[in-house]
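*Asks:* Coordinates for the following, if possible.
(chains A and B)
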Amino acid sequence: MGDRNVRINVPLLARVEGEGALDVRVKEGRIDELKLVIFEPPRLFEKFLEGRPYREVPDAVSRICGLCPVAYQMSASHAIEDAFGTEPGPWVREMRRLFYCGEWLQSHAVHMHLLAVPDFLGFNSVIEMAAHYPEEVRRGLEIQEIGNAIIRLFGQRSVHPVGTRVGGFYHAPQKAQVEALLERLHRALPLAEALVAWTATLEVPDDPQEFVAVSLRHPDEYPMNEGRLVSSEGLDIDIADYQGHFEEFQVPHSSALHALLEGKPYLVGPLARLNLNLDRLPQPVRDTLARTGVRFPSSNMFHSALARAVEVHYAIVEAIRICEAYQLPETPYAEVRPRAGIGYGCTEAPRGILWHAFAMDDDGRVVKVTIIPPTSQNQARMEQDLRWSLERLGLEKPDEELRLRGEMVIRNYDPCISCSCHFLKLNVERL
Amino acid sequence: MSKGKPRVAVHKFTSCDGCQLAFLNLGPQLLELAQLVDIVHFAEAGMVAPDAEVDIAFVEGSISTPHEAERIRAIRAASKQVITIGACATAGGIQALRNLHNASEWMADVYARPDHLETLATSTPVSEHIRVDLELWGCPTNGRQVIGAVRSLLFGAAPVDERDKICVECKRKQNVCVLVAKGEPCMGPVTRTGCGALCPAVERDCFACYGPSDNPNTGALAHRFRELGLSERAVADRFLFINNWAQAYRVEGLKWREQENG
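*Replies:* As a prediction, this is how the structure comes out:
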C-alpha cells in the first residue's frame, strides 16, 4: 500500500445535488487530501426574495426544501416578526411547536425508514426491506403519516403547507380535529417507544470521535423555535450574533457554502441537539432512552440514528401535551405593522439549526436576506468525519468496503444528499 | 407498454425534492405501487439506474445547468413516456424568476467565485428542451395526481388533464369566496384545479401554485386587483411568483411591471 488516489464518484445526487464525488488522496498510508464534492444547481433564493412583500415570504422560502418546508417558514416568520417588532403571543407560540413536531416526525421517519435503515440492514430500498421487516416498515410509515397529519392540520398539505403567515396562522384548527389527532397520537406513543428500543439494537461501528456540537438551548424546553445558540465548547450567544462567531465561505468543489465556528468544523442536527439538551427532555422520554443502555452525550456519530428516534418519541409526547391543552384562540395571528429594520430567526430544522436574517423596508418589502441551512453547516464536519472514519477503518481495505463506510458516514448526517449515498461509485486510481 | 410490469423511473433536476414526496408520502400505497410497476430508478428511495430504458419517466425539477440540458435529452431517448411532475419541471419553477433578471449579477452577489459553478442564465421547463407526453402541474404535485397518471397508463387510457379553474373546486367544496367576501387578491380565477382548493379553505387567497387554468382571463383579474387597491407592482408580484415563467402569468405580470416602471 503506497500512494493511491481513491475517488468515490457520485454521478447523481439529490438535494445538495446534481453531481458529487468523494475524492480521497492517500499518501504513505494517510489521507493527504479529502474533498466531498457537492454540486446542487444554485437557485438564488436570497436574490429573488429581494423586493418581494413580506406576506409572500413564508410561501416562497418553503420552496427551498420539500423535506423541511415548515422549518423555512418558521425561521423566516420569526426573523420578519423580529424586524417588525411583532409579538405573536402564547397561542401562536404553542401551535408553532405542534406544527414543528409534525415536521420532525415526518422528516425523521422518512430518513430512518426510507433512506438510512434499509442500508443498516443490508437492503437497497424500503421496498426490499418491507418483505423482511413488515412490522418495522409499517410502524415507520405510520409515524411518517402522523407527522404529515399534524402539518396538514395547520397547512392543508404536508409539502409546502399553506397555513403559515407572518404573525401566526391563517386559520385555527377546530377542536374536533385536534381531538381526532390526539387519539392517533396516543395510539402512536407505544410505536415511538418501540422505535427507540429497536433503533438501539441496530449494529453501528463503535468509533468515538471528538467534535463540536452546536444547537439552540432554551431555559425550560427542548429547543425548536427559540433559544440561545450554544456549543459543546462553551459558546452561548444571542442568535443575532451568529455572524460574529460563525464564518461562511465558498470552496471550489461545492455549490453549498461551508461554515466554521471560530475556525472549526461543527455538528448540527439531532445528535448535537440531544447531547446539549438532555436535561430538557421530559421524564418519560429520558426513561425510554435510559432503558436502551446507550449513554448520552455520545461521541459516537452513529448514535445520530438513535438521537433521531428519541426526537420522534419526544415529538409525540410534546404533541400530546399541546393537543390536550388545546383551546380555540380569539385570532390565530397577530396583526403585523411593517417597519424598516433587520430581524433574525433561528430554529431547529430536522437536520439542525436554520439561521435567517431579513432586512425589511417601511413598506414591508424585503431589502436583503441571508439564509444558512443546516446541510451547508455540516459539510466541513462531514469531511472531517470521513477523513477520520476511513483512516480508522484502514485505507488498505478493499475499495468496496471504503465506499460502503463512506456512504454510511455521509448518510448519517441526513444531509439532503441522503439519497445519493446509496450509489456512491468508487474509482481507484493507483499511482 | 412492454410485456411484464411497466418500468418506471423518477429523475430529479433543479428542485426542492418536494414532488418526489408525492411518491414517498404514499405510505402503504407506495409498497402497492411497487407491486404494479417495476421502479428501476428513484435515487431518493434507493433504486439507482439513471440510464435504464423505461416505459414511464417522471421528471422533477427545471433545467438550469448545461449538464441538465444533456441529461434530459438522454432520458427522452431512453423513455417511452416522459411525465413532468411539479411547477419546476412544468414551468421552470420559482427559480425561473432569474430569467427576468441578470442572472450572472445575482450569482456574483451570492457566490464569491461564481466561475466555479457551471449554470445556465435561465431556469426553464422540460418542454423547452424535449417533447413531453404529460405535464402534472402543482407546487407540489400530489400523490393523487401521480397515482392517477400511472393508473391511466396501466389501463392504456390517456390521463386526464385537469384544467378547470380553482373557482369550480371552491364552489364544489362550498368554500366562502375570499375574493368577493374578503377582498383578498385571490388567483383562483386564473389557476388550474388539482390541489383541492386548499387556500380558500383556510380563509386566504390562492397564490397560483398550480399554474394557469384553461382560458385564464388574467387581464380582468389584474384590473380587479387594482380596484381592490393593489399597486401596479403588487399586481405584477401576484403573477410573477411560483409559476412566473408560465406564459399566461409571465405576459400579464410583465405588463404590470412595465407600467409600474413607466
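*Asks:* Please name the residues that touch residue 218.
*Replies:* Using chain A here. Residues in contact with residue A:218 (CB atoms under 8 Å, 6 or more residues apart in numbering or on different chains) are A:226-228, A:280. All C-beta spots, glycine's among them, are computed from the backbone N, C-alpha and C.
*Asks:* Actually, chain B is the one I wanted.
*Replies:* So residue B:218 contacts B:190, B:212, B:239, B:248-249, B:251-252 (CB under 8 Å, 6+ apart).
*Asks:* repeat that with 6 Å
*Replies:* For residue B:218, the contacting residues are B:190, B:248, B:252, by CB atoms under 6 Å, 6 or more residues apart in numbering or on different chains.
*Asks:* For it, give me the pLDDT.
*Replies:* Note for residue B:218: predicted pLDDT of 98.
*Asks:* Using the three-state scheme, assign the spatially closest residue to it that is not a sequence neighbour.
*Replies:* Once flanking residues are discounted, residue B:218 sits nearest to residue B:252: 3.8 Å by CB to CB, 6 or more residues apart in numbering or on different chains. Residue B:252 falls in the helix class when you classify it by DSSP: H, G, I helix; E, B strand; the rest coil.
*Asks:* Can you report how many residues neighbour residue B:252?
*Replies:* When counting by other CB atoms under 10 Å in any protein chain shown, one arrives at 23 neighbours for residue B:252.
*Asks:* For chain A, see how far away it is.
*Replies:* Counting by CB to the nearest CB, to the nearest Å, the gap from residue B:252 to chain A is 17 Å.
*Asks:* I figured that residue was touching residue B:238, is that so?
*Replies:* No: Residue B:252 sits out of contact with residue B:238 when judged by CB atoms under 6 Å, with a separation of 8.9 Å.
*Asks:* which residues in chain A form helices?
*Replies:* Using DSSP state H, the helices found in chain A span residues A:45-48, A:57-61, A:69-84, A:89-109, A:117-120, A:126-132, A:134-155, A:175-201, A:242-245, A:270-277, A:283-291, A:304-324, A:374-393, A:399-412.
*Asks:* what angle do the third one and helix A:89-109 make?
*Replies:* An angle of 150 degrees separates the directions of helix A:69-84 and helix A:89-109 when computed by axes from the mean of the first three to the mean of the last three CA atoms, to 10 degrees.
*Asks:* by contact count, what packs against helix A:69-84?
*Replies:* helix A:57-61, strand A:341-349, strand A:352-360 (3 or more CB pairs under 6 Å, 6 or more residues apart in numbering or on different chains; DSSP states H and E).
*Asks:* before we move on, the earlier item: hey, least reliable of the helices of chain A by pLDDT?
*Replies:* Mean pLDDT is lowest for helix A:117-120 among those, at a mean of 75.
*Asks:* so how far is it off the chain centroid?
*Replies:* Taking CA atoms, centre = their mean, to the nearest Å, one finds helix A:117-120 lying 19 Å from the centre of the chain it belongs to.
*Asks:* Can you show me the CA trace of it as CSV?
*Replies:* Below are the C-alpha coordinates for helix A:117-120, written out as CSV (Å, rounded to 0.1, in the frame of the first residue of the first chain):
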residue,chain,number,x,y,z
VAL,A,117,-32.2,2.0,7.9
PRO,A,118,-32.6,-0.2,4.8
ASP,A,119,-28.8,0.3,4.4
PHE,A,120,-28.0,-0.5,8.1
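*Asks:* what are the phi and psi values for the residue positioned nearest the centre of chain A?
*Replies:* Note on chain A: the residue nearest the mean C-alpha position is residue A:351, at 1.1 Å, using CA atoms, centre = their mean. Per-residue torsions, residue A:351: phi -90, psi 0 (degrees, to the nearest 10).
*Asks:* OK, contacts around it?
*Replies:* Per CB under 6 Å, 6+ apart, neighbours of residue A:351: A:269, A:374, A:414.
*Asks:* gap between it and residue A:36?
*Replies:* 16 Å (CB to CB, to the nearest Å).
*Asks:* what does the stretch 1-150 of chain A put close to chain B?
*Replies:* Residues of the stretch 1-150 of chain A lying close to chain B (CB under 6 Å from any CB of the partner chain) are A:12, A:14-15, A:41, A:43-44, A:46-48, A:59, A:63, A:65-67, A:114, A:124-125, A:127, A:130, A:141, A:145.
*Asks:* typo on my end, it should be the stretch 151-300 of chain A
*Replies:* Contact residues, the stretch 151-300 of chain A versus chain B (CB under 6 Å from any CB): A:156, A:159-160, A:162-163, A:170-171, A:250, A:252, A:255.
*Asks:* Mind doing that once more with 10 Å?
*Replies:* Proximity of the stretch 151-300 of chain A to chain B is confined to A:152, A:154-165, A:169-173, A:248-255, A:257 under the rule CB under 10 Å from any CB of the partner chain.
*Asks:* got any ranges where the stretch 51-200 of chain B has weak pLDDT?
*Replies:* Low-confidence segments of the stretch 51-200 of chain B (pLDDT under 70): B:103, B:112, B:116-117.
*Asks:* Strands of that one, start to end?
*Replies:* B:54-60, B:79-85, B:134-136 (DSSP state E, counting those that start in this stretch).
*Asks:* circling back: which of the helices of chain A is buried the deepest?
*Replies:* Between the helices of chain A, helix A:69-84 has the highest mean count of neighbours, a mean of 27, where neighbours are mean count of other CB atoms under 10 Å in any protein chain shown.
*Asks:* Cross-check the contact I'm expecting between residue B:259 and residue B:223.
*Replies:* No: with contacts counted by CB atoms under 10 Å, residue B:259 stays clear of residue B:223, the gap being 11.9 Å.
*Asks:* between the two, what contacts are shared?
*Replies:* residue B:235 (CB atoms under 10 Å, 6 or more residues apart in numbering or on different chains).
*Asks:* With adjacent residues omitted, what lies nearest to the closest residue to chain B within chain A?
*Replies:* Closest contact between chain A and chain B, by CB to the nearest CB, is at residue A:66 (2.3 Å). Nearest non-adjacent residue to residue A:66, counting by CB to CB, 6+ apart: residue B:18, 2.3 Å away.
*Asks:* Contact partners for that neighbour?
*Replies:* Going by CB under 10 Å, 6+ apart, residue B:18 touches A:62-67, A:69, A:158-160, B:25, B:60, B:85-88, B:138-141.
*Asks:* Quick one: buried ones out of the residues you listed?
*Replies:* Neighbour counting by 16 or more other CB atoms under 10 Å in any protein chain shown classes A:62-67, A:69, A:158-160, B:25, B:60, B:85-88, B:138-141 among the contacts of residue B:18 as buried.
*Asks:* still on that earlier bit, I figured the residue of chain A closest to chain B hits residue B:142, correct?
*Replies:* No: contact between residue A:66 and residue B:142 fails when scored by CB under 10 Å: they sit 12.0 Å apart.
*Asks:* quick one: the helices in chain B?
*Replies:* Per DSSP H, chain B carries helices over the ranges B:21-24, B:28-36, B:66-78, B:87-91, B:103-110, B:143-154, B:166-173, B:178-182, B:198-201, B:218-227, B:232-239, B:247-260.
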